[in-house]
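S.K.: attaching a predicted model along with its sequence, questions to come.
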Amino acid sequence: MRSEGKSLRRGDVDWSQSKVVFVAPSFTTYQQAVSGFRDLPIEFWEVTKYDDGLILYERTQTKKTTASMTALRPGKVTQEVVQQVKAYTEDDLIPNERKTREWYFELRERILKLDPQLHPHVTKTYISFRQGENWRNIFSIAFRTSKLRIELLRTKPTDVNDPEGKLTYIKDSVQNWNQHVSYFEITDEKELDYAVYVLQQAVENFRAIQEK
């Protein structure tokens, strides 16, 4: 297994974050419904090939529910999959600390108002935000003790207007992740307005790149 020219050993990969992607011309309603289980990380993508050689990939949208695969009394193989591969939710990551939770939910609500296509994408260690069917993260939010850490992907401090100088560039981010990454932290409720101001620029920059 190789990534960016570097060899990866089996132990280097967090297999609990694995996801199965099915690609086909179409899926039945029953097949698509399977992706609605909260603890089953699978996706269905329909592919269409046009006469001019253009190929369109479109993810089928199935609303996630609170239902679990374990409620179906699955067989041994399915039980092993559910135990080893976990589909994380926001509740898994958001701490019980009251003020941090409040900051996140207020920030989340305001982020979603920036663009109707924005939506959260949850991983084992952070919550990122994506636009529509684009798989790229625009920025991510991680929880620290009494603060939120926000990382802007493909962003240098000079890429946004940051009059308060809150953005810090992550050294070696290009070497480690093949992209520029900068971050800032929220340690007080009063900093939410400024956070939204910076994140709005990140969304606009991302949109501009996609439209080129």
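M.R.: It's in.
S.K.: any idea what the residue positioned nearest the centre of the chain is bridged to?
M.R.: Note on the chain: the residue nearest the mean C-alpha position is H121, at 3.0 Å, using C-alpha atoms, centre = their mean. Note on H121: beta-bridge partners by DSSP bridges are S128.
S.K.: and it, what is it in contact with?
M.R.: 127-130, 137 (C-beta atoms under 8 Å, 6 or more residues apart in numbering). To be clear about C-beta, it is placed using only N, CA and C from the backbone, and glycine gets the same treatment.
S.K.: from these, which is closest to D52?
M.R.: R130 (28.6 Å; C-beta to C-beta).
S.K.: export the contacts of H121 to CSV and tack on neighbour count, pLDDT and distance to P95?
M.R.: Formatted as CSV, the contacts of H121 follow (neighbours: other C-beta atoms under 10 Å; pLDDT from 0 to 100; distance: C-beta to C-beta, whole Å):
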residue, neighbour count, pLDDT, distance to P95
I127, 23, 93, 12
S128, 18, 94, 18
F129, 23, 95, 19
R130, 17, 93, 23
N137, 19, 92, 21
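S.K.: farthest pair within these?
M.R.: Pairwise distances across the contacts of H121 peak at 10.7 Å for I127 and R130 (criterion: C-beta to C-beta).
S.K.: what sits against the spatially closest residue to S173 that is not a sequence neighbour?
M.R.: Spatially, and ignoring its direct neighbours in sequence, S173 is nearest to V181 (3.9 Å; C-beta to C-beta, 6 or more residues apart in numbering). For V181, the contacting residues are 151-155, 169-170, 173, by C-beta under 8 Å, 6+ apart.
S.K.: which of these fall in helices?
M.R.: Mapping the contacts of V181 onto helices (DSSP state H) picks out S173.
S.K.: which of the contacts of V181 tops the neighbour count?
M.R.: Ranked by neighbour count (other C-beta atoms under 10 Å), the contacts of V181 have L152 at the top, with 26 neighbours.
S.K.: pretty sure E43 is touching F27, no?
M.R.: No. E43 is not in contact with F27 according to C-beta atoms under 8 Å; the separation is 10.8 Å.
S.K.: neighbour count: these two, which is higher?
M.R.: F27 (18 against 14).
S.K.: excluding its backbone neighbours, what's nearest the more buried one?
M.R.: With sequence-adjacent residues excluded and distances taken as C-beta to C-beta, 6+ apart, F27 is closest to F44, at 5.1 Å.
S.K.: my read: the one you found touches Q31, true?
M.R.: Yes. Using C-beta under 8 Å, F44 makes contact with Q31 at a distance of 6.8 Å.
S.K.: pull up the overlap in contacts between the two.
M.R.: With C-beta under 8 Å, 6+ apart as the test, F44 and Q31 both reach F22.
S.K.: which one's more surrounded, these two?
M.R.: The neighbour comparison of F44 against Q31 (other C-beta under 10 Å) goes to F44, with 20 against 14.
S.K.: how would you label the more buried one: helix, strand or coil?
M.R.: strand (DSSP: H, G, I helix; E, B strand; the rest coil).
S.K.: equivalent analysis for the one 3 residues further on, please.
M.R.: Here V47 takes the strand state, with states given by three-state DSSP.
S.K.: bridged to it, which residues?
M.R.: Y57.
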